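**Q** Structure for the following, please:
(chains A and B)
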Number of protein chains: 2
Amino acid sequence: MKVFSAIAVGAISIAVLTPTYAEQVRHEPVQVIQPYISEEPAKVELGKQLFFDPRLSMSGIISCNTCHNLSYGGTDNLKTSIGHKWQAGPVNSPTVFNSSLQIAQFWDGRAVDLQEQAAGPIAANVEMAMPHSLAVDVIQSIPGYREQIAAIYGTDQVTLDHITDAIAEFEKTLVTPNSPFDQWLKGDDNAITAQQLAGYELFKSVGCVSCHFGEALGGKSFMKMGLVQPYESDSPAQGRFDVTGNEMDRFTFKVPTLRNVALTYPYFHDGAAETLEEATQVMGQLQLGRNFTEDELASLVAFMESLTGERPELTLPFLPESGPDTPRPDPFK
Amino acid sequence: MKVFSAIAVGAISIAVLTPTYAEQVRHEPVQVIQPYISEEPAKVELGKQLFFDPRLSMSGIISCNTCHNLSYGGTDNLKTSIGHKWQAGPVNSPTVFNSSLQIAQFWDGRAVDLQEQAAGPIAANVEMAMPHSLAVDVIQSIPGYREQIAAIYGTDQVTLDHITDAIAEFEKTLVTPNSPFDQWLKGDDNAITAQQLAGYELFKSVGCVSCHFGEALGGKSFMKMGLVQPYESDSPAQGRFDVTGNEMDRFTFKVPTLRNVALTYPYFHDGAAETLEEATQVMGQLQLGRNFTEDELASLVAFMESLTGERPELTLPFLPESGPDTPRPDPFK
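**A** Residues are numbered from 1 along each chain as shown, chains lettered A, B, ... in the order given. Here you go, the predicted model:
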């Protein structure tokens, strides 16, 4: 089977043949992930270098990849991240994989897209603690970056927008197609086990899917954490309320994606649930008023394990070396 | 030109054709770097995973690659490294590239080989702060590691030796052959500029080469830092004296390799010299009692820039996920 995907080039749509991935044949509230083929490979390469470059942090030791580790499931597998001067962040690091498939970025959705998101952690005092103006000066001072930016954006003057645009374009490539569940959606009855299928049926019938739907099984809506029972947490995060100041938005968070969820432990915005079993049971109780039996839990977890897709194979980038005038990192500033 | 390199398999030597690299034709005190072809690719792959795995640190955020960054020149480009709880290390991180070509490891040579070296930073309180027994428990508890270790070492019982042996085997692959200077050694007159050649002649005639010789241009001997004039430093490191307690060894350090030295700023065991120009001038004064002219400095630096070789292209490893019983990282322990 073959799929024709439309890629917009300027104002024209061109049909491109991507023969590796079959078409979805089952009509379900979950859709298969399509691979992302960038029209701008030079920008993707630049974005990859920036994603791995610790010089975007004041200390020179923290890169995007530190908390969104692409050798893991795009997170750091910590309760909350560790940032500049060993400060603990307020929330659990969400996965960067499939983040392009979501309506907004951050747990509270305060960034509209990946480009806006990328600017946040660079300057955040508890994360990379790098003033944007200094980040731009650093990149501007590195000949290898200046050359790439001139070739891509046609200017000698580096801006924050160049940096975040390139990182965002790289991040769009970080989708994970072809999970066993996607293969099942495409018609392969043997791609998942009977237990996984039973878990999916339960996932739909009890209502998990009302929030965890779409390509990313989540990421498409905001929802109150603790619909039926209140959620107790020592985290100061108040979700959307922190963005809107609207009382209705208190404890409302972006529904996290369940793609690769077996890799992204621990769970929830405060990282309080250590295992998928625990997170699933708590979700059942808080959001659906339901205690899952052991069998039900095992099926649901088995289903979620079928959502682990193919992470892109990446060549470790070589980072262009600093120039004579590159501001040096200062871990203790 | 073709080179036959001997690889020992058990007790038998087998000639292997490696057609990419020509033979050295110039007789010089510097030798070309040969690529390392491991007989144990599965061990190299395991070692690569461990090298990138932050779970070998108590915090879960520091890996070997944090301070020996393979996207840079195998260092962190900091004065001294930042470790557990944001502690500053006592000395500048030496490059892992070509470290297999050296007589001993660490600035003070306290480890006889790469395997012994690899154990050090894992347990060092200012680095990864991970008791060896806990490191072994973590790796033992991760099914994907257990399986690889069983396949390679034929045992279900993980030991520290397995971990460090695999890391060492991976590190042996981190050589950087085929620099412009190596191409010149192999007979290509056009591989380096006239200024670089003049720099090399000066490098030999003034005596730099008496310490910086061999494949790695260094790494083969220990030498007092401050032969002619004493070196002043705010670093507590006393070099070999810290290992032997012998007064003659005070301020005696392993001569660092000059391979890829353009990438491994800042310089010296205390990271006090920010540029290659500065480091070269200070070396001339302290070790040779000589002030280089501007022209001489420019030639020497140009020569050293010809020592940047080809770093191996590495695929970013996917790390096997933690098991249910894997001890979780604790950044604040």
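
**Q** Just the strands from the stretch 151-300 of chain A, written as ranges.
**A** Along the stretch 151-300 of chain A, the segments classed as strands by DSSP state E, counting those that start in this stretch run A:222-224, A:252-254.

**Q** Tell me which residues are up against the last one.
**A** By CB atoms under 8 Å, 6 or more residues apart in numbering or on different chains, the residues outside strand A:252-254 that reach it are A:102-104, A:106-109, A:218-219, A:221-225, A:237, A:239-241, A:269. Quick note: C-beta positions are derived from backbone N, CA and C, even for glycine.

**Q** Show me which of those are buried.
**A** Buried subset of those (neighbour count, 16 or more other CB atoms under 10 Å in any protein chain shown): A:102, A:104, A:106-109, A:218-219, A:221-225, A:237, A:239-241, A:269.

**Q** tell me the contacts of the spatially closest residue to residue A:68 that is not a sequence neighbour?
**A** Spatial nearest neighbour of residue A:68, chain neighbours left out: residue A:96 (4.0 Å); criterion: CB to CB, 6 or more residues apart in numbering or on different chains. Contacts were defined as CB under 8 Å, 6+ apart; by that measure residue A:96 touches A:64, A:68, A:70, A:74, A:75, A:171, A:174.

**Q** do residue A:224 as well
**A** Neighbour list for residue A:224: A:251, A:252 [criterion: CB under 8 Å, 6+ apart].

**Q** same thing with the one 5 residues further on?
**A** The neighbours of residue A:229, taking CB under 8 Å, 6+ apart as the test, are A:285, A:286, A:289.

**Q** run the last query once more with 7 Å
**A** A:285, A:286 (CB atoms under 7 Å, 6 or more residues apart in numbering or on different chains).

**Q** For residue A:209, find the nearest of the strands of the stretch 151-300 of chain A.
**A** Residue A:209 lies closest to strand A:222-224 among those, at 12.7 Å (CB to CB).

**Q** Please report how far the residue most central in space within chain A lies from residue B:67.
**A** The centroid of chain A falls nearest to residue A:96 when counting by CA atoms, centre = their mean (2.4 Å). Residue A:96 sits at a distance of 24 Å from residue B:67 (criterion: CB to CB, to the nearest Å).

**Q** do the same with residue A:275
**A** 32 Å.

**Q** of those two, who's got more company?
**A** Taking neighbours as other CB atoms under 10 Å in any protein chain shown, residue A:275 and residue B:67 compare with residue B:67 leading, 24 against 13.

**Q** does that one really touch residue B:81, like I thought?
**A** Yes. At 4.4 Å, residue B:67 counts as touching residue B:81 under the criterion of CB atoms under 7 Å.

**Q** which residues are common contacts for those two?
**A** Residues within reach of residue B:67 and of residue B:81 at once, by CB under 7 Å, 6+ apart, are residue B:93.

**Q** List the contacts of the residue of chain A found nearest chain B.
**A** Nearest residue of chain A to chain B: residue A:86, at 4.0 Å (CB to the nearest CB). Applying CB under 7 Å, 6+ apart to residue A:86 gives the contacts B:85, B:86.

**Q** repeat for residue A:150
**A** residue A:156.

**Q** Would you mind measuring from it to residue A:44?
**A** From residue A:150 to residue A:44 the distance is 17 Å (CB to CB).

**Q** How is chain A partitioned into domains?
**A** A:34-172, A:180-305 (automatic domain parsing).

**Q** Am I right that residue A:327 is in contact with residue A:139?
**A** No. Under the criterion of CB under 7 Å, residue A:327 makes no contact with residue A:139, lying 10.5 Å away.

**Q** Neighbour count: the two, which is higher?
**A** Taking neighbours as other CB under 10 Å, residue A:327 and residue A:139 compare with residue A:139 leading, 26 against 13.

**Q** Make sure that one is indeed in a helix.
**A** Yes. Residue A:139: assigned to a helix according to DSSP: H, G, I helix; E, B strand; the rest coil.

**Q** thinking it is in contact with residue A:145, fair?
**A** Yes. Contact criterion CB under 7 Å: residue A:139 and residue A:145 qualify, at 4.9 Å.

**Q** could you pull out the helices for the stretch 51-200 of chain A?
**A** Per DSSP state H, counting those that start in this stretch, the stretch 51-200 of chain A carries helices over the ranges A:64-67, A:114-123, A:132-140, A:143-153, A:160-172, A:180-185, A:194-205.

**Q** Give the full set of residues in contact with residue A:310.
**A** Contacts of residue A:310 were listed using CB under 7 Å, 6+ apart, and they are A:176, A:177, A:178.

**Q** and the closest residue to the second one other than its chain neighbours, how many neighbours?
**A** Nearest non-adjacent residue to residue A:177, counting by CB to CB, 6+ apart: residue A:33, 4.4 Å away. Under the neighbour criterion other CB under 10 Å, residue A:33 is assigned a count of 24.

**Q** Ramachandran angles for residue A:33?
**A** phi -90, psi 130 (degrees, to the nearest 10).

**Q** who in the stretch 201-333 of chain A is up against chain B?
**A** Among all residues of the stretch 201-333 of chain A, those adjacent to chain B (criterion: CB under 7 Å from any CB of the partner chain) are A:262-263, A:275, A:311, A:313-319, A:321, A:324, A:329, A:331.
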